[in-house]
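In: Show me how the following folds:
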Amino acid sequence: MSAKRIKELAELLIEASAAYYGGEDAIMSDAEFDLFRDELESLDEDHPFLATVGSAPNSELDKIPHAIPMGSLTKMNKQSELATWRNGIPKGKVVAQLKLDGLSIELVYKGGKFVQAITRGDGEEGDDVTHTVKNAKYLPKTISVKGDVSVRCEAMLLLEDWKKHFKNKSNPRNMVSGLVQRSDATESEYIACIAFDVMFAGNPFKTEEDRVNWLKSEGFKVTPSEVIDIDDVEEAIERIEKKRDNLPVLIDGSVIKLNDIATQEKLGEHNGRPKWARAWKYAAQAAHTVVTGVEWTCGTQGTITPVATVKPVQVGGVNVSNISLHNISIVERLDVRIGDEVEIIRANDVIPYIVKVVKKGDNRKRMYCKGCPACGKKVVRDGKRLICSDMDNCEGVVFKKISKWIKKRRILYLGESTLRLLFDANVVREIWDLYELTEAAMVSAGVGAGDAKRVLPQIEKSKTCSLADLIGSLSLDKIGRSEATNLINLGIDTLDKWKNIIAAQIEAFPGYRGGVKANAIATAVQENWNLIETIAGYLNISTKPVVKISGKLSGKSFCFTGIMSKPRAELQKMAANAGGDVHSSVRSGLTYLVMADPNSSSSKAKKARKLGTMSISEADFIRML
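Out: Sure thing, here's the model as predicted:
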């Protein structure tokens, strides 16, 4: 039972994480996500998902590794969790800060000058977004330290800028994410960088307060901070929450860090999350209303999504009347029906989300889908979802796939309303039709001449494309851009190799054993090969070879765990720089588990012995170098 539950939890968390970091609507609240994550950790503390941070980088932009991985914080929202953490760390001073709700960025300075900006990505590497972030507010172009300096900040939209320029386009977090990761620098002047951390060689800081003061002295806009006694944390959390509605930016909680840096280093981290800091998540703003109906929409895989209509209600100052229920299994899990009174929250204070049924309606009706909302054909059940029975010919599916390609390839000025004109006029009925468009054809379909002139150069620009862009932007089942990138890095790095891909080949790769996912990927490629090959003919596909560092540790792999004299991130970097492979968990084929006590009886040590992995000390590892 536990193995089945672990699989269910991992799939649910991966799906929710992909939706959140991909700029899509959240499929669950933060509180529910944290509950599922805690349950997964209780069942399998070494599960690979627990070591993931954020999301994979976008494949369109250049990939840059972080000098020191960008981790994340363990979240809490219960007094018992706070008490457990507080009792497990030394008494002393802590720093209380705002938990900003934006996009985490690393700013790189060399020789005292700003040279690069990198998104957090998956924590190990992110997108090079220097071209947009260089125009951001509050970004000093020069600093006094001449060596290599890494400043961590949150890219934000000031609420006044969001309300004035973007309110009808997207929420502040998703909007700033889009601005930062655009392929051009359009509207990048509205990005605001708010700094919260800095690292450089010879670390002169003894406290977190020192870091903040240094950032201020160098001209950075910083996260508001206050130094307090650890016993006063609750009051600080409440104090920050009371200011929440009057702040110039969105926050979704408080961050509490031990002030003393030497103590931080002694405590170390677990699964990339520091033991010396926690993020307190504020409860989402909530309201009650009644479900009045349901509408159904069709997606790129023929998935039929239920959208509940509700009596309009104010939730945290926003009028809510429609709420996505994402798939039929969520409808069943909540047992929500038309006529029910429900509790609504806004996930991250932005996305409406039904938490539960508060009161069952007197004449409640099931949410029933009579047929595909796009083509009218019969719908069938496929696991957690409903799908169109004729998805290969469904016009709704075709339209969504073209629209998704446009978004993934960042073809500006070609929105859904313009695409609808082209689609209904039979000018664009397949993705490759975009690359045969002419101004005359667009105008004949009802598109203005000015709009056509703006769109065509964007389509031409999108022809320069990586292999991961091509495979990952076609809405193939189970293959997004991060999945395509992963398989390319594992050796499926040419079109010919993709053409001949089989399930057994994928299943041989780490992380794909078990067959289900491997089979789905191979099937999707085989069934859509004509589509892949046809579109490839219109593109200029570039491939970037993976550069593997050679060194003393080449051919060896390492996992670091526990508290050691050096920070884990530094040890990982040392291994990678010497040609070693670094893993976040113990797995089959791992060469060494590096830990403070190689004779430990921890779960990782036990698993390593079972798999035949050698456990060594930090000193043993250093000697290998």
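In: And stretch 580-599, how far out from the chain middle?
Out: For stretch 580-599, the gap between its own C-alpha mean and the chain's C-alpha mean amounts to 26 Å (Cα atoms, centre = their mean, to the nearest Å).
In: Also stretch 392-402?
Out: Here the centre of mass of C-alpha atoms in stretch 392-402, compared against the chain's by Cα atoms, centre = their mean, lies 26 Å away.
In: How many neighbouring residues does residue 553 have?
Out: Residue 553 is surrounded by 23 other residues when neighbours are defined as other Cβ atoms under 10 Å. C-beta: built from backbone N, CA, C; applies to glycine.
In: If we ignore the residues flanking it in sequence, what's nearest it?
Out: Spatial nearest neighbour of residue 553, excluding adjacent residues (Cβ to Cβ, 6 or more residues apart in numbering): residue 580 at 3.4 Å.
In: so what's that neighbour up against?
Out: With contacts defined as Cβ atoms under 8 Å, 6 or more residues apart in numbering, residue 580 is in contact with 551, 553-554, 556-558.
In: Same check on residue 449?
Out: By Cβ under 8 Å, 6+ apart, residue 449 lies in contact with 439, 443.
In: let's see it at 10 Å
Out: 439-440, 442-443 (Cβ atoms under 10 Å, 6 or more residues apart in numbering).
In: what's the answer for residue 293, then?
Out: Residues in contact with residue 293 (Cβ under 10 Å, 6+ apart) are 307-310, 322, 338-339, 365, 367.
In: Helix, strand or coil: sort out it for me.
Out: Three states are possible here, and by DSSP: H, G, I helix; E, B strand; the rest coil the one that applies to residue 293 is strand.
In: Tell me what it is bridged to.
Out: Legend: beta-bridge partners of residue 293 under DSSP bridges are residue 309.
In: tell me the SS of residue 114?
Out: Going by three-state DSSP, the state assigned to residue 114 is strand.
In: I meant residue 390, not that one.
Out: When the structure is split into helix, strand and coil by three-state DSSP, residue 390 lands in coil.
In: For residue 371, see how far away it is.
Out: For residue 390, the distance to residue 371 equals 10 Å [Cβ to Cβ, to the nearest Å].
In: what's the overlap in contacts for the two?
Out: 377-379.
In: pretty sure residue 311 is in a helix, no?
Out: No. The assignment for residue 311, made by three-state DSSP, is strand rather than a helix.
In: quick one: contacts for the closest residue to residue 128 other than its chain neighbours?
Out: Taking Cβ to Cβ, 6+ apart as the measure, residue 128 lies nearest to residue 62, with 4.2 Å between them; neighbours along the chain are not counted. Contact partners of residue 62, counting by Cβ under 10 Å, 6+ apart, are 118, 126-130, 544.
In: looking at this, residue 560 is in a helix?
Out: No. With three-state DSSP as the criterion, residue 560 is located in strand rather than a helix.
In: Of the contacts of residue 449 - the most surrounded one?
Out: Across the contacts of residue 449, neighbour numbers were computed from other Cβ under 10 Å; residue 442 holds the maximum, 24 neighbours.
In: That one reaches residue 428, doesn't it?
Out: Yes. With the criterion set as Cβ atoms under 10 Å, residue 442 and residue 428 qualify as a contacting pair; they are 9.2 Å apart.
In: where do the contact lists of the two overlap?
Out: Contacts common to residue 442 and residue 428, judged by Cβ under 10 Å, 6+ apart, are 414, 418, 421-422.
In: Most neighbours among those residues, which one?
Out: Highest neighbour count within the shared contacts of residue 442 and residue 428: residue 414, with 27 neighbours (other Cβ under 10 Å).
In: tell me the domain ranges of this structure?
Out: 2-51, 65-281, 286-388, 395-462, 465-542, 557-624 (automatic domain parsing).
In: Could you dump the ones you listed into TSV with mean pLDDT added?
Out: Output for the domains of the chain, formatted as TSV (pLDDT from 0 to 100):
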stretch	mean pLDDT
domain 2-51	65
domain 65-281	89
domain 286-388	87
domain 395-462	92
domain 465-542	85
domain 557-624	77
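In: residues in contact with residue 494?
Out: The contact partners of residue 494, taken as Cβ under 10 Å, 6+ apart, are 467, 488, 500, 541, 543.
In: Next, count neighbours for the second one.
Out: The local packing of residue 488 (other Cβ under 10 Å) involves 22 other residues.
In: so which helix or strand takes in it?
Out: Here residue 488, judged by DSSP states H and E, is contained in helix 481-489.
In: And that helix, what's buried?
Out: By neighbour count, and taking 16 or more other Cβ atoms under 10 Å as the criterion, the buried residues in helix 481-489 are 481-488.
In: just how off-centre is that helix within its chain?
Out: Centroid displacement of helix 481-489 relative to its chain, using Cα atoms, centre = their mean, is 15 Å.
In: pull the CA atoms of it into CSV?
Out: Provided in CSV are the C-alpha atoms of helix 481-489 (Å, rounded to 0.1, in the frame of the first residue of the first chain):
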residue,chain,number,x,y,z
ARG,A,481,10.4,20.9,-22.7
SER,A,482,12.1,19.8,-19.5
GLU,A,483,11.4,16.1,-20.3
ALA,A,484,12.8,16.6,-23.8
THR,A,485,15.9,18.4,-22.5
ASN,A,486,16.5,15.6,-20.0
LEU,A,487,16.3,12.9,-22.7
ILE,A,488,18.6,14.9,-25.0
ASN,A,489,21.1,15.2,-22.2
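In: The helix or strand just after it packs against which elements?
Out: Scanning the chain past helix 481-489 towards its C-terminal end, the next helix or strand to appear is helix 495-499 (assignment: DSSP H and E). In terms of contacts (3 or more Cβ pairs under 10 Å, 6 or more residues apart in numbering; DSSP states H and E), helix 495-499 is packed against helix 467-472, helix 481-489, helix 516-527, helix 529-536.
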